[in-house]
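In: Show me how the following folds:
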Amino acid sequence: MNALFLLRFKAFMIDYIFILIYLFAVFIFSVFLFPSIQGFFTGSLIVAQFTGFLLVTFPVSLYFIICDSNIGKQSFGKRKAGIRVVGTNREALSMLHVTFRTILKFLPWELSHFLVYRLIYIGDGKVPITLSLLGGLIYALMLAYILTAIFTKKKQSLYDILAKTHVIKV
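Out: The predicted model follows:
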């Protein structure tokens, strides 16, 4: 049976507790232990974006890739909620398959990081229409992800449909 949105949301909120603990550790690490890391965020936009990706997006994505693949089977939150990500034939996902799914899943998150770095760089200046459109795209993707998980017959989010995956109750 396919997992309902609220069960998926519960699993993600449990996993998000781990993400917040990790982000707190990164904050402590970069502010108190190695404050020189902050310099990577004040220079080039590309360096700031890449540093943010390496410190935040990559480790969080790696957590979901390893946990949701055939290696880990379920993230901690999915295990607690009693759900699992599987392929079309209910098979465990390979690392490559779950990597593709995770990239799609976190695309709005990474696009929002991209947007925030550019908005900080602009400061009080006029926001270009391209950045406004990017903000609209981010919200449209998030809304599409949520609505498709709620209203599709198989309760698949848009990224599940594109990745040919299902979240099922176990």
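In: so what's the closest residue to F106 other than its chain neighbours scoring on pLDDT?
Out: Distances taken as Cβ to Cβ, 6 or more residues apart in numbering put S61 closest to F106, at 5.8 Å, once the chain neighbours are dropped. C-beta coordinates here come from the backbone N, C-alpha and C atoms, glycine included. pLDDT for S61: 94.
In: gap between S61 and F12?
Out: Taking Cβ to Cβ, to the nearest Å as the criterion, S61 is separated from F12 by 14 Å.
In: and the residue nearest to F106, how many neighbours does it have?
Out: By other Cβ atoms under 10 Å, 18 other residues sit near S61.
In: same deal with T102?
Out: Applying other Cβ under 10 Å, we find 23 residues neighbouring T102.
In: Tell me where this protein has helices.
Out: Using DSSP state H, the helices assigned to the chain run over residues 5-28, 45-52, 58-68, 76-81, 95-105, 107-122, 129-151, 158-163.
In: Dump the ones you listed into JSON lines; add distance to Q38 as well.
Out: Formatted as JSON lines, the entries for these read as follows, by distance: least, Cβ to Cβ, whole Å:
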{"stretch": "helix 5-28", "distance to Q38": "11"}
{"stretch": "helix 45-52", "distance to Q38": "10"}
{"stretch": "helix 58-68", "distance to Q38": "18"}
{"stretch": "helix 76-81", "distance to Q38": "30"}
{"stretch": "helix 95-105", "distance to Q38": "28"}
{"stretch": "helix 107-122", "distance to Q38": "13"}
{"stretch": "helix 129-151", "distance to Q38": "24"}
{"stretch": "helix 158-163", "distance to Q38": "33"}
